[in-house]
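[1] Okay, predicted coordinates and the sequence, questions at the end:
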Amino acid sequence: MYTGLEELQQVFKQLRLSEVSSELPLLMRQAEQQSWTYHEFLTHLLTFEVNRREEKNKEKRLKWAKFPYQKSLEDYDINEQKSITERQMKQLKAMHWLEQQYNLILLGPPGVGKTHIAIGIGLEAIEQGYQVMFLPMGELMTILKTSEYTRKSQITLNRIKQSDLIIIDDLMYIAMDQREANQFFHLINHLYERSSIILTSNKSPDQWGELLGDEGIATAILDRLLHRVEVIQMNDESYRMKNRESVFK
Ligand code: ADP
Ligand code: MG
C-alpha cells in the first residue's frame, strides 16, 4: 500500500486532525532525519495536534475575554501596597475559589490596582483553561438593555452566561432604574453558583443598595453576590498618584 503525502494529509483532515495535516511534511522529514521510532513518531504527531489545538483555544478565549489591556499578576508589585499578602496572591492564582464558584470583591479608592488585579486573575484563569469575560459596568448595562432586540447583545449575553469567570469592573458608578436593576438581578441569579464573579468598586456593599434603587431587588442581588465571597479591601494610596510623573521638579 502506498499513499502519497497529499492523500495522507487529506486523510488526516477527514479525521479532523487538521493541525497535523498541515504539519505532516515537516514532521515526516524530522522523523527521517532523527530516526524516530514508530512510538516517537506517533507521540510527536498526536502531541503536536493537542498542543496546537490548546494554543488556538487559548487565543480564542483571550479574544473573547475583551480585556481593555493585558497586565499580569506578575506585573503587580505586591510591595507597593499593604492590602494583599503574598499568600493571598498565591491563593488567588491557584484558582480553587473559581473551581468552587466563589465570588471576589475588590474594594477601594481609584488607582489602587483593582482593575489590574482583576485582569491579572482573568489572564491566569484563561491560562488554566477557563472561559473569562471582562465587562465595564456601563457596557454590561447596555448589553442587558439591548439584548432583547439586538442580536449582537444577545450573543454577548449568552457568552457571559457561559463564562466561568465574569469580571464586572466599576460596579455601581451609575444608579440603576428599576428595570435595569431587574435585568441585572436576572443575570446575577443565572450566574449564581454556576460561575464566579469578580466585582471591583469604589463603593462599599452597604452603599450598593442605594444605587440599585428598589430595596427588594437590591437585597436579592446582594444575597447572591455575597453568599460565597472573598472581599479584598484595598485602602492604599493610589499607585497612580504615588508613581505619577510630574512636570514640576
Ligand atoms: P483601580 O482599578 O483601582 O482604579 P487600576 O487597576 O486602574 O486601579 O490601577 C491604576 C494603574 O496603576 C494601572 O496602570 C495599574 O497597572 C497600576 N498599578 C496599581 N497598583 C499597582 C501595583 N501594586 N503594582 C504595579 N502597578 C500597579
Ligand atoms: Mg478600575
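    Noted; the coordinates are in hand. Ligands and ions are numbered 1, 2, ... in the order given.
[2] alpha carbons only for contacts and neighbour counts from here, please
    OK.
[3] if you look at stretch 150-168, does any of it touch ligand 1?
    No - Stretch 150-168 does not reach ligand 1 (Cα under 6 Å from any ligand atom); its nearest approach is 11.3 Å.
[4] Please save the CA atoms from that stretch in PDB.
    Provided in PDB are the C-alpha atoms of stretch 150-168 (Å, rounded to 0.1, in the frame of the first residue of the first chain):
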ATOM      1  CA  THR A 150     -30.100  43.400  19.100                       C
ATOM      2  CA  ARG A 151     -28.600  40.100  18.000                       C
ATOM      3  CA  LYS A 152     -25.100  41.300  18.900                       C
ATOM      4  CA  SER A 153     -26.000  41.900  22.600                       C
ATOM      5  CA  GLN A 154     -27.900  38.600  22.700                       C
ATOM      6  CA  ILE A 155     -24.800  36.800  21.600                       C
ATOM      7  CA  THR A 156     -22.700  38.600  24.100                       C
ATOM      8  CA  LEU A 157     -25.200  37.900  26.900                       C
ATOM      9  CA  ASN A 158     -25.100  34.200  26.000                       C
ATOM     10  CA  ARG A 159     -21.300  34.300  26.100                       C
ATOM     11  CA  ILE A 160     -21.400  35.900  29.500                       C
ATOM     12  CA  LYS A 161     -23.700  33.200  30.800                       C
ATOM     13  CA  GLN A 162     -21.400  30.500  29.500                       C
ATOM     14  CA  SER A 163     -18.300  32.000  31.100                       C
ATOM     15  CA  ASP A 164     -16.600  30.500  34.100                       C
ATOM     16  CA  LEU A 165     -15.400  33.900  35.300                       C
ATOM     17  CA  ILE A 166     -17.200  37.200  34.800                       C
ATOM     18  CA  ILE A 167     -15.300  40.400  35.700                       C
ATOM     19  CA  ILE A 168     -17.600  43.400  36.300                       C
END
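[5] mind listing what's buried in that stretch?
    153-154, 156-157, 160-168 (16 or more other Cα atoms under 10 Å).
[6] would you turn these into JSON lines with distance to K66, pLDDT and secondary structure?
    Compiled in JSON lines, the buried residues of stretch 150-168 are given as follows (distance: Cα to Cα, whole Å; pLDDT from 0 to 100; DSSP: H, G, I helix; E, B strand; the rest coil):
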{"residue": "S153", "distance to K66": "14", "pLDDT": "94", "secondary structure": "helix"}
{"residue": "Q154", "distance to K66": "16", "pLDDT": "95", "secondary structure": "helix"}
{"residue": "T156", "distance to K66": "11", "pLDDT": "95", "secondary structure": "helix"}
{"residue": "L157", "distance to K66": "13", "pLDDT": "95", "secondary structure": "helix"}
{"residue": "I160", "distance to K66": "11", "pLDDT": "97", "secondary structure": "helix"}
{"residue": "K161", "distance to K66": "15", "pLDDT": "96", "secondary structure": "helix"}
{"residue": "Q162", "distance to K66": "15", "pLDDT": "96", "secondary structure": "helix"}
{"residue": "S163", "distance to K66": "12", "pLDDT": "97", "secondary structure": "coil"}
{"residue": "D164", "distance to K66": "14", "pLDDT": "97", "secondary structure": "coil"}
{"residue": "L165", "distance to K66": "13", "pLDDT": "98", "secondary structure": "strand"}
{"residue": "I166", "distance to K66": "11", "pLDDT": "98", "secondary structure": "strand"}
{"residue": "I167", "distance to K66": "10", "pLDDT": "98", "secondary structure": "strand"}
{"residue": "I168", "distance to K66": "12", "pLDDT": "96", "secondary structure": "strand"}
